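# Got a predicted model here, sequence first, then my questions.
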Amino acid sequence: MTSPEFRATLGRSWRLLGDFRHEQDDPDRFYGSLAQDSAAQVSSYADLTGARLLDVGGGPGYFADAFAARGATYVPLDADAGELALHGREPGPRTVIGDGTSLPFADGAFDVTYSSNVAEHVRHPWAMADEMVRVTSPGGLLFLSYTLWYGPWGGHETSPWHFLGGGRAAERYARTHGHRPKNDFDVSLFRTTAGRGAAWARSAERRGLLREVRLVPRYLPVWAGFVASVPGLREVACWNLAIVGRRRP
C-alpha cells in the first residue's frame, strides 16, 4: 500500500520554497522539511515498510529519520564523510562512504534506490544513474531527482548569476564573499539539464532496464506536471526534475 497523504499542491510548493530560503541560517528547517516531503513523495510510489532503501548522497541524518519513520531499512552512501556529519548530525550505523558512479553493492540489493539533489554535483551523473538501476531489485523503485541548471536555483548559492555563466558566477561569489562557493562550477557543480535526464530515461527503457518511467517536476503542483514533457520550457520551469521508474525483471 502506498502513502495516501502525499499531495502535490500549490500550497506544498509555496511552503517548500519558503523553507528552501533557510538552508544556511536554519538547516533544521530546510533539511527537515525536505526530508519529510521526500519520504512522503517516495511513499506515494512504493510501500516503504520493510523496504531496503539506498540513498545515494544521503548527507546528514535528516533523511535517515524520515525514511526510517516510514519503516524503511535506510542505507545512506556519500563520497564525503564531512557531509554526513554536518549540523551536528552523527552518521547512522549503516552509513557507507563510496562513489555513486561505482556503488559497492551487489546487483539487485535494494528495493528502492533514491537520490536527491546529488546528480548536479557529479561529473558523470548518468553513470551514477546506471549504477542505481543495477543495484535495484527487479520490480523495485528508482527515484532520482536533481536541480536543473537553467532553473532559478541552478547555480545554487551563486544564483541567479549562473545565467551569465557558471564560471563567471563563481568568480563573482568569490570576490563578494572572500572565498570560493561550496558549489563551485565545473568542480563540485555541473550543468545538468532536463534534456539529458530525459535522454537517459529513454535509453534505460530501450536497454530494457526500466519500465513505467515518469518525468516529474518534483516540487511543482500536480497540475503543472505537463511542463516536464515540454523541451525548453522544462529547463526553466521545472526547478527540479525527478526520474521515477521500476526495474525490469
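Received, thanks.

# What's the local residue count around the nearest residue to residue 109 once chain neighbours are set aside?
Spatially, and ignoring its direct neighbours in sequence, residue 109 is nearest to residue 135 (5.0 Å; C-beta to C-beta, 6 or more residues apart in numbering). Glycine gets a C-beta too; all of them are placed from N, C-alpha and C. Counted with other C-beta atoms under 10 Å, the neighbours of residue 135 add up to 22.

# Might you report the residue contacts of residue 135?
54, 103, 105, 106, 107, 108, 109, 110, 113 (C-beta atoms under 8 Å, 6 or more residues apart in numbering).

# Now a ChimeraX select for only the buried ones of those residues.
To isolate the buried members of the contacts of residue 135 in ChimeraX, using 16 or more other C-beta atoms under 10 Å:
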select :54,103,105,109,110,113
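
# Any stretches of this structure with poor pLDDT?
1-4, 21-24, 60, 81-92 (pLDDT under 70).

# swap the cut-off to 80 and go again
Applying pLDDT under 80 to the chain picks out residues 1-5, 17-32, 59-61, 80-94.

# How is it divided into domains?
10-148+192-247, 158-188 (automatic domain parsing).

# Check the ones you listed for me and report the most buried one.
Greatest average neighbour count among the domains of the chain goes to domain 10-148+192-247 (a mean of 18), per mean count of other C-beta atoms under 10 Å.

# measure that domain end to end?
31 Å (C-alpha to C-alpha, to the nearest Å).

# so what does the helix or strand harbouring residue 236 touch, helix or strand wise?
Following DSSP states H and E, one finds residue 236 within helix 233-237. Using 3 or more C-beta pairs under 8 Å, 6 or more residues apart in numbering; DSSP states H and E as the contact definition, the elements that helix 233-237 packs against are helix 194-206, strand 210-217.

# what bridges to the residue most central in space within the chain?
The residue lying closest to the centre of the chain (C-alpha atoms, centre = their mean) is residue 116, at 1.6 Å. With DSSP bridges applied, residue 116 shows beta-bridge pairing to residue 145.

# just checking, residue 170 touches residue 177?
No - under the criterion of C-beta atoms under 8 Å, residue 170 makes no contact with residue 177, lying 10.8 Å away.

# report the longest helix in the protein, please.
In the chain, assigned by DSSP state H, the helix with the most residues is helix 27-43.

# tell me the angle of that helix relative to strand 210-217?
Angle, helix 27-43 to strand 210-217, by axes from the mean of the first three to the mean of the last three C-alpha atoms, to 10 degrees: 140 degrees.

# For helix 27-43, which helices and strands make contact with it?
helix 10-20, helix 62-69, strand 110-116, strand 136-147.

# shouldn't residue 113 be in contact with residue 140?
Yes - the criterion here is C-beta under 8 Å, and residue 113 meets it with residue 140 at 7.2 Å.

# quick one on the thing from earlier: just after the longest helix of the chain, pick out the following helix or strand.
Counting by DSSP H and E, what follows helix 27-43 is strand 52-56.

# what pairs with that following strand, and is each one parallel or antiparallel?
Its sheet considered, strand 52-56 pairs with strand 73-78 (parallel), strand 110-116 (parallel) by DSSP bridges.

# orientation of the shortest one relative to helix 62-69 in degrees?
In terms of direction (the same axes, to 10 degrees), strand 73-78 departs from helix 62-69 by 170 degrees.

# now swap in the last one and tell me
Comparing the axes of strand 110-116 and helix 62-69 via the same axes, to 10 degrees yields an angle of 150 degrees.

# Would you mind listing the outside residues contacting strand 110-116?
So strand 110-116 is contacted by 34, 38, 42, 46, 48, 51-57, 63, 72, 75, 100, 128, 132-133, 135-137, 140-146 (C-beta under 8 Å, 6+ apart).

# Could you check the angle it makes with strand 136-147?
Going by the same axes, to 10 degrees, strand 110-116 makes 10 degrees with strand 136-147.
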